[in-house]
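Q: please work out how this folds:
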Amino acid sequence: MNFLLSIKTMVLITALVSLFQALFVLIRRRPIVFNYSHYLLTLIPILLISYFSIGDDTFMINNIFILFFSIALIFIISRMFCGVTILGSSDAELQNKLADYLNNRGIEFEQIPKTIYINKKDVTLSITSNDNFGTSGISIKGKVTDLTVNNIVKALRQKNLQFNIKYPIYAAVSAVLLLITYFMLISISH
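A: Numbers count the residues shown, from 1 in each chain. Here you go, the predicted structure:
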């Protein structure tokens, strides 16, 4: 039963975060641009709140290994996936805007559809966009530091990225479905 309480808390927090993101993008009419590995690390507070919301000391002590393992797994995954996520935009010009940023920095690169190669640093930037959900991403492979990713994030935040209304709709619908799941879990536990 304690595990169910933890799951309910996690579902509720995830629904509220999704609803907040939908409202934030909709009100600003601008996409959210962030470092993907930092976004993954936001799962840790959700996990900790869900774990400690149980209030049963025996359960928490017996499952402390699972908590530490989950946190370590989140850290490992966040280090493995390097890139930029953009919520609220599926801008067809994203690759050109990224190329402008690299040109302004004096970085030599080769450009093919959906990919930019930085030869001197042996780095590949793969651009993806999903117009159905209003999201875009830049997957970065090669020897890249968080500082480089954060510089790209800052540059893209200053660019006028195209707003896509589909993301707030998608995030709001996801939040509503999670809230329905939350209330179904409450009815099961009573």
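Q: the protein: helices as residue ranges?
A: Taking DSSP state H as the test, the helices found in the chain are 2-28, 36-41, 43-52, 57-62, 64-80, 94-104, 146-158, 166-189.
Q: ranking the ones you listed by mean pLDDT, which is last?
A: Lowest mean pLDDT of the helices of the chain: helix 57-62, a mean of 80.
Q: picking that back up, any chance of CSV for the helices of the chain, columns mean neighbour count?
A: C-beta coordinates here come from the backbone N, C-alpha and C atoms, glycine included. Listed next are the helices of the chain as CSV, based on neighbours: other C-beta atoms under 10 Å:
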stretch, mean neighbour count
helix 2-28, 17
helix 36-41, 16
helix 43-52, 15
helix 57-62, 11
helix 64-80, 12
helix 94-104, 16
helix 146-158, 15
helix 166-189, 16
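Q: out of these, which gets nearest to Asp131?
A: Evaluated over the helices of the chain, closeness to Asp131 peaks at helix 166-189, with 7.1 Å, by C-beta to C-beta.
Q: list the contacts of the closest one.
A: Outside helix 166-189, the residues that touch it by C-beta atoms under 8 Å, 6 or more residues apart in numbering are 1, 4-5, 7-8, 11-12, 14-16, 18-19, 21-23, 25-26, 31, 87-90, 131-135.
Q: gap between it and the chain center?
A: Taking C-alpha atoms, centre = their mean, to the nearest Å, one finds the center of helix 166-189 at 18 Å from the center of the full chain.
Q: next: stretch 72-87.
A: Relative to its parent chain, stretch 72-87 has a centroid offset of 8 Å by C-alpha atoms, centre = their mean.
Q: the most centrally placed residue in the chain and Ile165: what is the separation?
A: The residue lying closest to the centre of the chain (C-alpha atoms, centre = their mean) is Tyr39, at 4.4 Å. Tyr39 sits 21 Å away from Ile165, going by C-beta to C-beta, to the nearest Å.
Q: with Leu12 instead?
A: Taking C-beta to C-beta, one finds Leu12 at 26 Å from Ile165.
Q: that older thread, distance-wise, check the residue nearest to the centre of the chain relative to Ser90.
A: Distance, Tyr39 to Ser90, by C-beta to C-beta: 18 Å.
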